[in-house]
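K.L.:
Could you look at this predicted model? Sequence included:
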Amino acid sequence: MNIVIIGASGYSGAELAKLVATHPHFQLVGCYVSAGSADLHKPLSALYPEHKGIVDLPLQGMDENAIANIAAQADAVCLCTDHKVSVELAPQFLAHGLKVFDLSGGFRLADAHLYEEFYGFAHQHPELLAQAVYGLAEWHSEALKSAQLVAVAGCYPTASLNALKPLQQAGLLAGDQQVIINAVSGVTGAGRKAAIGTHFCEVSLAPYGLFNHRHTPEIEQSLQHPVLFTPHLGNFKRGILATIYATLNAGVTLDDVSSAYQVLADEPLIRLLGANQVASIKGIENQPYVDIGWHVKGQQLIVSAAIDNLLKGASGQALQCMNLNAGLAINTGLV
Ligand SMILES: NC(=O)C1=CN([C@@H]2O[C@H](COP(=O)(O)OP(=O)(O)OC[C@H]3O[C@@H](n4cnc5c(N)ncnc54)[C@H](OP(=O)(O)O)[C@@H]3O)[C@@H](O)[C@H]2O)C=CC1
Ligand SMILES: CC(=O)N[C@@H](CCC(=O)OP(=O)(O)O)C(=O)O
């Protein structure tokens with residue numbers, strides 16, 4: 001596949017550019033930013049010196065000729081752009097027959113009305129929501145093989161869902177109890193553009209998005225179980241640690257929980273740390289995995305799950321989806 005990345009100068013786009021450029025079967029044929037970008041024409045490696053010799057392609061602008069130029073040279077585009085930009089761009093590429101892998105939340109929710117409530121805009125292409133395949137790679141591998149439009153799963157949902165879906169699927173979670181998810185993200189989760197809230201000297205561990213973060217409906221849609229999700233911003237660069245509290249059905253044992261996780265045992269990018277183990281940021285920084293550990297006391301369950309937000313939470317998982325779509329092993333180019 002010849003691949004173009006839009007939003008290549010951002011944190012997830014730059015990470016994905018490196019993964020595609022070093023992939024054994026994909027070719028990176030273009031890197032794009034907005035038409036008025038301050039980084040126009042610079043090689044990506046001028047912004048990210050660690051990419052030197054790996055991705056030296058220049059950043060091109062999304063001007064009026066860009067869509068046609070990209071359609072002439074690429075088989076697929078990766079949208080590493082803001083949700084609203086992705087919603088605007090995706091249909092234009094689909095109309096040219098290109099595959100679209102969108103890293104934003106623009107196509108993740110099935111109910112268009114939720115976009116007004118949780119994203120703050122009315123969705124302009126609700127007809128595409130039913131067509132989009134949710135890119136939680138390990139859980140939708142069959143549908144991803146033939147998808148034209150992939151809505152790569154969000155970062156917090158990726159950690160939370162891989163930790164909870166095995167238990168939900170095995171019927172272990174008490175149906176009348178909310179699951180509580182407290183998750184801490186590094187600052188790269190907020191993107192590259194400067195803002196006072198993510199300024200190094202201003203960041204202090206604190207919750208945000210209480211009761212209204214857009215990942216709540218995304219998690220609930222896939223889990224089919226109510227959650228109380230609270231994200232936190234931490235003063236570190238990359239990684240997400242989710243600590244999850246749930247009530248188990250009466251009689252469920254630690255062994256039952258451990259057995260339920262075996263559904264993921266053969267997945268190369270999921271590391272089951274096991275019972276009485278905890279996941280950590282250190283374990284997954286710059287790694288493409290999700291790490292999961294669990295503890296049980298009576299009916300109480302605590303699960304910890306960790307991912308690198310820019311890899312398993314964004315570009316790594318996008319590459320997993322692209323691998324499946326191209327008929328390759330899910331971990332090609334990752335491990
Ligand atoms: N960071 C993370 O951990 C994760 C991010 N995501 C999602 O991925 C997407 C990108 O996030 P992130 O990498 O953090 O964002 P950044 O803010 O770091 O990067 C955004 C990129 O989009 C470019 N851009 C802005 N406007 C346009 C436009 N109109 N046309 C083309 N390119 C444009 C920017 O360049 P310029 O402004 O110079 O044009 C930049 O390259 C978001 O939707 C985010 O929600 C998903 C999972 C995790
Ligand atoms: C720390 C921080 O700000 N994180 C972002 C989530 C990361 C992201 O970009 O969200 P998606 O995975 O939905 O694309 C936020 O809470 O909005």
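P.N.:
That came in fine, so what should we check first? Ligands and ions are numbered 1, 2, ... in the order given.
K.L.:
Phe101 - that's part of a strand, no?
P.N.:
Yes: counting by DSSP: H, G, I helix; E, B strand; the rest coil, Phe101 falls inside a strand.
K.L.:
Contact partners for it?
P.N.:
76-79, 135, 150, 152, 318, 321-322, 325 (C-beta atoms under 8 Å, 6 or more residues apart in numbering). Glycine gets a C-beta too; all of them are placed from N, C-alpha and C.
K.L.:
same question, Asn69
P.N.:
Asn69 sits next to Gly30 when contact means C-beta under 8 Å, 6+ apart.
K.L.:
For it, which three-state class applies?
P.N.:
Secondary structure for Asn69, judged by three-state DSSP, is helix.
K.L.:
Could you do Ser160 as well?
P.N.:
Per three-state DSSP, Ser160 ends up helix.
K.L.:
Hmm, it is touching Ala183, no?
P.N.:
Yes: with contact defined as C-beta atoms under 8 Å, Ser160 reaches Ala183; the gap is 7.0 Å.
K.L.:
with the contacts of Phe101 in mind, which one is nearest to Leu167?
P.N.:
Nearest to Leu167 among those is Gly135, at 21.6 Å by C-beta to C-beta.
K.L.:
now the nearest residue to that closest one once chain neighbours are set aside: how far from ligand 1?
P.N.:
Of all residues not flanking Gly135 in the chain, Val152 sits nearest, at 3.8 Å (C-beta to C-beta, 6 or more residues apart in numbering). Between Val152 and ligand 1 the distance is 7 Å, computed by C-beta to the nearest ligand atom, to the nearest Å.
K.L.:
next one: His113
P.N.:
His113 sits 20 Å away from ligand 1, going by C-beta to the nearest ligand atom.
K.L.:
What is the burial count for that residue?
P.N.:
A count of nearby residues for His113, using other C-beta atoms under 10 Å, gives 11.
K.L.:
And it, how close does it get to Gly293?
P.N.:
Separation of His113 from Gly293 (C-beta to C-beta, to the nearest Å) stands at 37 Å.
K.L.:
Next to ligand 1 in this structure, residues from this structure, please.
P.N.:
Applying C-beta under 6 Å from any ligand atom, we find that the chain lies next to ligand 1 at 6-13, 32-34, 37-39, 62, 80-83, 85, 103-105, 154-155, 188-189, 191-193, 309-310, 313-314.
K.L.:
Please list only the buried members of those residues.
P.N.:
6-13, 32-34, 37, 39, 62, 80-83, 85, 103-105, 154-155, 188-189, 191, 309-310, 313-314 (16 or more other C-beta atoms under 10 Å).
K.L.:
Can you flag which of those belong to strands?
P.N.:
6, 32-33 (DSSP state E).
K.L.:
Just the closest of these to Leu264, please.
P.N.:
Closest approach between those and Leu264, by C-beta to C-beta: Ile6, at 31.7 Å.
K.L.:
Quick check: beta-bridge partners of the closest one?
P.N.:
Bridge pairing for Ile6 (DSSP bridges) gives the partners Tyr32, Leu79.
K.L.:
what's the answer for Leu59, then?
P.N.:
According to DSSP bridges, the partner residues bridging Leu59 are Cys31.
K.L.:
Roughly how far does it sit from Ile180?
P.N.:
Between Leu59 and Ile180 the computed distance is 42 Å (C-beta to C-beta).
K.L.:
So for those two, which residue has more residues nearby?
P.N.:
Leu59 (23 against 15).
K.L.:
tell me the contacts of that one?
P.N.:
Residues in contact with Leu59 (C-beta under 8 Å, 6+ apart) are 8-9, 31-33, 37, 39-44.
K.L.:
which residues touch whatever residue of the chain ends up closest to ligand 1?
P.N.:
Residue nearest to ligand 1 within the chain: Gly10 (1.9 Å; C-beta to the nearest ligand atom). Residues near Gly10 by C-beta under 8 Å, 6+ apart: 80-81, 191-192.
K.L.:
Output the set of residues of this structure in proximity to ligand 2.
P.N.:
104-105, 154-155, 185, 189-190, 231, 233.
K.L.:
which among the contacts of Phe101 gets closest to Leu128?
P.N.:
Using C-beta to C-beta, the contacts of Phe101 come closest to Leu128 at Val150, 11.6 Å.
K.L.:
so how many other residues sit close to the closest one?
P.N.:
Val150 is flanked by 29 other residues according to other C-beta under 10 Å.
K.L.:
Report the mean confidence score over the host helix or strand of it.
P.N.:
Here Val150 sits within strand 149-152, counting by DSSP states H and E. Average pLDDT, strand 149-152: 99.
K.L.:
again, but for stretch 74-94
P.N.:
Taken as a whole, stretch 74-94 has a mean pLDDT of 98.
K.L.:
Pull out the buried residues from it.
P.N.:
Result for stretch 74-94 [16+ other C-beta under 10 Å]: buried residues 74-87, 89-90, 92-94.
K.L.:
now the helices: where do they sit in the stretch 51-200 of the chain?
P.N.:
Along the stretch 51-200 of the chain, the segments classed as helices by DSSP state H, counting those that start in this stretch run 66-73, 83-95, 113-118, 141-145, 155-169.
K.L.:
buried stuff in the first one?
P.N.:
What it means is helix 66-73. Buried residues in helix 66-73, counting neighbours by 16+ other C-beta under 10 Å, are found at 66-67, 70-71.
K.L.:
No further questions, thank you.
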